[in-house]
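1. make a model of this:
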Amino acid sequence: MPLFATTVFLSAFLLFQIQPIVAKMILPWFGGSSSVWSVCIVFFQVELLLGYAYVHWLHEKLTPQRQALVHGGLLLLSLALLPVAADPAWKGAALAHPSWSVLALLTTAVGAPYLMLSTTGPLMQAWYARSFPASVTVAHPYRLYALSNLASMLALLSYPVLVEPLWPVGIQATAWSAGYVAFVAVCLATARLAWRRMAGQVSDEAVLVEAAKHPGWRECLLWIGLSATASILLLAMTQHLTQDVAPVPFLWVLPLTLYLLSFILCFDAPRYYVRPLFLAALPLCFWAMDGVLDAGTDVPVLIALISVSLFVFCMVCHGELVRRKPPLRYLTLFYLMLSVGGALGGFLVGLVAPAVFNAYFELPLGLFLCAALVVAVLWRELKPVWRVLLLLALLGYGLRLGDIAFEYVNGYRTVVRNFYSQLRVLDSTDDALGPKRAMLHGRINHGEQFMAAAQRKQPTAYYCERSGIGRAIRALQQGQPFKLGVVGLGAGTLATYGRAGDELRIYEINEQVLDLARSEFTFLSDSPARIVPVLGDGRLILEREAQQQFDLLAMDAFSGDSIPAHLLTLEAMTTYLGHLKSDGLLAVHITNHYLDLKPVMTAAAQHFGKTAVLYTLEPKDDDAYCRNSDWVLFMSAQQAAQLPAGLQGGEPLVPRVGFKPWTDSFSNLLGILK
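-> All right, here's what the predicted structure looks like:
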């Protein structure tokens with residue numbers, strides 16, 4: 001058992017450690033969108049499916065000795081593809097089918113080693129059952145599966161705490177590759193042991209196992225459904241946390257940890273799934289999620305409700321799976337069906353939903369599927385009267401979820417969605433200034449405009465006259481034509497500062513944002529300046545463009561409430577500063593509820609010999625035009641000492657002792673949490 005357990009633990013640890021490593025590698029190449037994480041999870045789930053299908057084929061078609069030979073040969077071949085690395089040629093492929101580009105990139109970067117790792121869990125369990133038939137109970141191989149999930153959870157939790165803060169991503173990939181070599185050596189040793197133990201191994205128990213009855217297609221469909229439901233709820237609730245509730249980059253770890261914990265508890269010992277307790281808690285969790293979806297409340301409460309509910313949902317799905325696990329003869333079929341369900345759930349949320357749905361309908365869909373499967377699981381155990389009551393309750397719950405889903409789009413002028421985000425345009429009325437229109441990404445306001453003729457050219461929100469960017473533009477506009485660069489369009493509010501003869505060059509990665517700014521707002525059309533929209537990732541385009549000689553370059557690209565980390569690295573700043581005039585300013589919008597980006601700004605400014613000056617605006621309650629904002633201006637020490645009147649009163653930022661500047665290979669989000 002120790003050798004088998006070591007192989008399973010090491011493979012599962014590497015399996016989940018590579019996920020954040022490679023995702024961090026490619027995140028800057030696809031706009032820093034949180035959807036990159038979702039598509040990465042889809043890829044890894046599909047790889048697991050292929051790995052489990054391969055193991056099932058080995059188990060059904062080849063003798064134990066040939067299994068060891070074939071698998072050992074493939075392991076050795078996979079070493080030729082090390083070290084793992086993402087090809088920089090994929091940079092800038094985000095606009096042309098970004099989801100498929102991410103999948104193709106991951107296939108070339110880590111496809112083969114990840115596939116071999118994904119086969120290890122079920123294959124080691126099957127080999128262990130055949131190597132020691134006289135001493136193996138049904139529970140022993142499945143406990144190896146629980147061990148693999150424990151290793152996965154440890155890998156996931158250790159990355160943001162131990163790995164990411166200490167090593168650049170290149171060293172992380174190299175260390176992972178060395179770990180993979182060690183895994184191959186241990187796995188080959190296990191294959192040799194299994195070869196020797198399985199040679200001519202026949203026992204009464206093995207014969208009984210071989211003669212076990214096939215589970216049947218209905219049971220297989222139930223396995224797939226339970227696995228798919230847990231996968232859908234994992235991804236959909238993670239999406240709700242990071243997009244609509246609290247867009248903290250680390251919140252994707254919490255749901256996945258709970259998901260893996262449910263696997264560990266259910267597969268390690270069935271007693272952890274106290275069926276009456278979890279089934280009784282299920283309606284309470286449905287009720288709690290109803291409140292989460294239908295009403296707003298404090299963020300900590302929402303996080304707690306979503307986390308507890310997800311854990312209960314996963315415990316029910318995985319607990320019922322374990323109650324239905326087949327004899328060891330069909331162990332590989334069981335895991336194949338689990339992987340089919342996981343991949344289907346990931347495919348729905350990560351690929352189908354952004355292309356088909358205009359709002360996040362997959363969460364209500366997952367909740368209804370969970371309720372329907374519980375009814376199916378309990379059907380044969382209930383008396384007819386209870387069956388009728390459950391069906392009526394299910395119908396009522398479906399109608400309620402349909403009503404909630406309708407509210408996702410009801411009352412908005414338009415709702416659109418793609419790989420990068422869901423955007424909604426909302427009309428409201430200000431008591432003093434009349435009709436107002438806002439662009440929303442989740443719950444975050446990305447620009448607003450008063451629609452009355454007298455106010456619609458007034459800069460608003462984070463870009464009003466008193467904000468850092470408003471003061472900077474007014475201070476630099478001294479009669480001569482002014483050239484402003486903007487990374488991140490939003491509603492196009494900064495166009496209000498444009499004068500005849502000025503040029504605004506605006507970089508925007510999401511075509512839907514540009515369409516809405518043109519069709520729903522008038523900032524762009526009202527501006528007398530020359531507006532030049534450029535579609536694509538702002539940083540990547542600026543890297544390829546000739547020097548623009550901007551008087552001011554404003555960094556205002558947000559994904560939800562967070563600026564993508566790749567836009568704040570030293571390499572990115574080098575590009576920005578290279579496009580400024582000798583006396584030009586770089587302005588970075590760092591307004592954020594959850595991250596303190598001041599140390600990042602200060603470290604970058606210090607690296608380039610610049611001074612970072614913070615302009616914080618906290619408007620009074622009766623100020624309808626302005627919102628709370630934080631802007632940082634990068635300038636030379638001479639400029640900081642001779643600021644024009646409009647820019648005086650800012651706060652020069654002091655470097656934090658020991659804080660390392662961010663680079664493309666190193667960033668530590670954990671260190672800047674508020």
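
2. could you identify the helix or strand that succeeds whichever helix in the chain runs longest?
-> In terms of residue count, the longest helix belonging to the chain (DSSP state H) is helix 98-131. As assigned by DSSP states H and E, the chain's next helix or strand after helix 98-131 is helix 139-158.

3. tell me the average confidence for that following helix?
-> The average pLDDT within helix 139-158 is 77.

4. what does it rub up against?
-> Helix 139-158 has contacts (CB atoms under 8 Å, 6 or more residues apart in numbering) with 1, 4-5, 8-17, 19-20, 120-122, 124-126, 128-129, 253, 256-257, 260-261, 263-269, 322, 325, 328, 331, 335. The C-beta positions use only the backbone N, C-alpha and C, and glycine is treated the same way.

5. Gln478: neighbour count?
-> Neighbourhood size, Gln478 [other CB atoms under 10 Å]: 9.

6. the bottom helix or strand of this protein by mean pLDDT?
-> Taking mean pLDDT, DSSP states H and E as the measure, the helix or strand of the chain with the lowest value is helix 204-210, at a mean of 44.

7. what comes up buried for the helix or strand just after it?
-> Sequence-wise, the next helix or strand downstream of helix 204-210 (DSSP H and E) is helix 217-239. Within helix 217-239, the residues scored as buried using 16 or more other CB atoms under 10 Å are 219-220, 222-239.

8. next one: helix 217-239 to chain centre, how far?
-> Taking CA atoms, centre = their mean, to the nearest Å, one finds helix 217-239 lying 19 Å from the centre of the chain it belongs to.

9. now the helix or strand following it against helix 139-158, angle please.
-> Following helix 217-239 in sequence order, the next helix or strand is helix 253-268 (DSSP H and E). For helix 253-268 against helix 139-158, the angle by axes from the mean of the first three to the mean of the last three CA atoms, to 10 degrees is 170 degrees.

10. alpha carbons only: can I get helix 253-268 in PDB?
-> Extracted in PDB, the C-alpha atoms of helix 253-268 (Å, rounded to 0.1, in the frame of the first residue of the first chain):
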ATOM      1  CA  VAL A 253      -9.900  28.500  -4.400                       C
ATOM      2  CA  LEU A 254     -12.600  28.300  -1.700                       C
ATOM      3  CA  PRO A 255     -15.400  26.500  -3.800                       C
ATOM      4  CA  LEU A 256     -12.900  24.100  -5.300                       C
ATOM      5  CA  THR A 257     -11.500  23.200  -1.900                       C
ATOM      6  CA  LEU A 258     -15.000  22.500  -0.600                       C
ATOM      7  CA  TYR A 259     -15.700  20.400  -3.700                       C
ATOM      8  CA  LEU A 260     -12.600  18.300  -3.100                       C
ATOM      9  CA  LEU A 261     -13.300  18.000   0.600                       C
ATOM     10  CA  SER A 262     -16.600  16.400  -0.200                       C
ATOM     11  CA  PHE A 263     -14.800  13.900  -2.300                       C
ATOM     12  CA  ILE A 264     -12.400  13.100   0.400                       C
ATOM     13  CA  LEU A 265     -15.000  12.700   3.100                       C
ATOM     14  CA  CYS A 266     -17.400  10.600   1.000                       C
ATOM     15  CA  PHE A 267     -14.800   8.300  -0.600                       C
ATOM     16  CA  ASP A 268     -12.600   7.800   2.500                       C
END
